[in-house]
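In: The following comprises the amino acid sequence and a computationally predicted model.
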Amino acid sequence: MRLEALHHVTMITGDAQRTVDFYGDVLGLRLVKTTVNFDQPEAYHLYFGDEQGSPGSVLTWFEFRGARKGRAGAGMVHRLQLAVADVPALEFWAGRLQERGVVLRGGKNGVLFEDPDGLGLELTVHDVGAQLKAAHPDVPAEHAISGVMGARAYSANPDASVLVLNDLLGFRREPSDDGDEWTVFGEARHVHWTLDPAPSAPGVPGAGTVHHIAWGSRDEDHEAWRAQLAQAGANITPVIDRDYFHAIYFREPGGVLFEIATLGPGFVTDEDAAHLGEQLRLPTQHEPLRERLAGELTPVVHPRTGEPISFDAP
């Protein structure tokens, strides 16, 4: 039994349209699902990724409209690392970002910058395994982002984090002079997880911060992961049906909220693959709220169609 690298990372934004414009246009990812937060249906839950929304490519956002800007601290992810193929791709992205008014920061291994909410992002040359690319008319295919290469976090208890990573989850520790690094190897791809010394200032949840990070599990292994973690004393949730995957959640000892999500059934279960994200899809439990939510959710223009996302019932 092993984890299949990354499934997705979920963030908080204060402005859904601004997030759609940045990730769906500037960075060229595909908006693969427009839905709502299971626990707070008045908030969008937006999914971006490659053309199919493959695990390992997926970045998601809860929109809490007008949320104040947060700050990463101990127990929080502070940077996401996105893979590109080569140095010419980095050069392409540096130019494209600057043309769009994005401020670049010096980085020894890639291009560092922030999204409109202040989330730290890094583009770096790396082969993550399977190429998980989205198509965008202004982004040459050879330069497209090819998946999530890694994430960097601040642990509040690094020694305890190590025990969970090594002994329970099967992360492989890697020699590094840049933080405390592990790698999760799946069958087709891998992802890096790095712990950095935490700043003295406490973290503040809010826009631009990471809510949780989800690791992928083969569907048939999911219950076994829950049993193993529960036996080890983790405070783990029951299995929760998220429509597009099943999920369990627990907070690792360093404070980061971990999820283990199944690889299936995926994002094409309720939409045609050619039209992902173009219509508001609601969890079954919230379908009776569609009319009310259509009046409360801010209309969002889909980056591919240029049209507002439809609130009509499927």
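Out: Arrived safely. Numbers count the residues shown, from 1 in each chain.
In: List the neighbouring strands of the biggest strand by length in the chain plus their orientation.
Out: Using DSSP state E to define each element, the chain has its longest strand at strand 3-13. Taking DSSP bridges as the criterion, strand 3-13 forms sheet pairs with strand 58-63 (parallel), strand 210-217 (antiparallel).
In: residues of the helix or strand following the last one that come out buried?
Out: It refers to strand 210-217. With elements assigned by DSSP states H and E, the helix or strand that comes after strand 210-217 is helix 222-231. The neighbour-count check on helix 222-231 (16 or more other CB atoms under 10 Å) flags H222, W225, R226, L229 as buried. The way it works is simple: take the backbone N, C-alpha and C, and place the C-beta from them, glycine included.
In: Walking through the stretch 51-200 of the chain, point out its helices one by one.
Out: Using DSSP state H, counting those that start in this stretch, the helices of the stretch 51-200 of the chain run over residues 87-99, 158-163.
In: Buried deepest among the strands paired with strand 3-13, which one?
Out: Across these, averaging neighbours per residue (mean count of other CB atoms under 10 Å) puts strand 58-63 on top, at a mean of 24.
In: which outside residues touch that one?
Out: 7-16, 19, 23, 29, 32, 37, 40, 43-49, 80, 148, 211 (CB atoms under 8 Å, 6 or more residues apart in numbering).
In: could you dump the strands paired with strand 3-13 to CSV with mean pLDDT and distance to G266?
Out: Shown next, in CSV, are the strands paired with strand 3-13 (pLDDT from 0 to 100; distance: least, CB to CB, whole Å):
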stretch, mean pLDDT, distance to G266
strand 58-63, 98, 10
strand 210-217, 98, 12
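In: Any chance of JSON lines for these, columns distance to G110?
Out: Below are the strands paired with strand 3-13 laid out as JSON lines (distance: least, CB to CB, whole Å):
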{"stretch": "strand 58-63", "distance to G110": "17"}
{"stretch": "strand 210-217", "distance to G110": "19"}
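In: Could you work out which of those strands reaches nearest to T269?
Out: Judged by CB to CB, the one of those that comes nearest to T269 is strand 58-63, at 14.8 Å.
In: End to end on stretch 240-260, go ahead and measure it.
Out: In stretch 240-260, first residue to last residue: 11 Å (CA to CA, to the nearest Å).
In: if we can go back for a sec, tell me which of the helices of the stretch 51-200 of the chain sits nearest to Y249.
Out: That would be helix 158-163 among the helices of the stretch 51-200 of the chain, by CB to CB, at 16.5 Å.
In: one step back: pLDDT on the longest strand of the chain, on average?
Out: Averaged across strand 3-13, the pLDDT comes to 98.
In: Return that strand as PDB; C-alpha atoms alone will do.
Out: This file holds the C-alpha atoms of strand 3-13, laid out as PDB (Å, rounded to 0.1, in the frame of the first residue of the first chain):
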ATOM      1  CA  LEU A   3       0.100   6.900  -1.700                       C
ATOM      2  CA  GLU A   4      -0.200   7.900  -5.400                       C
ATOM      3  CA  ALA A   5       1.600  11.200  -4.900                       C
ATOM      4  CA  LEU A   6      -0.500  14.400  -4.800                       C
ATOM      5  CA  HIS A   7      -4.300  14.600  -5.300                       C
ATOM      6  CA  HIS A   8      -5.000  18.300  -4.900                       C
ATOM      7  CA  VAL A   9      -4.300  21.400  -2.800                       C
ATOM      8  CA  THR A  10      -7.100  23.600  -1.600                       C
ATOM      9  CA  MET A  11      -6.700  27.300  -0.900                       C
ATOM     10  CA  ILE A  12      -8.900  30.300   0.200                       C
ATOM     11  CA  THR A  13      -9.600  33.300  -2.000                       C
END
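In: L168 is nearest to which of the strands paired with strand 3-13?
Out: With CB to CB as the yardstick, what comes closest out of the strands paired with strand 3-13 is strand 210-217 (11.5 Å).
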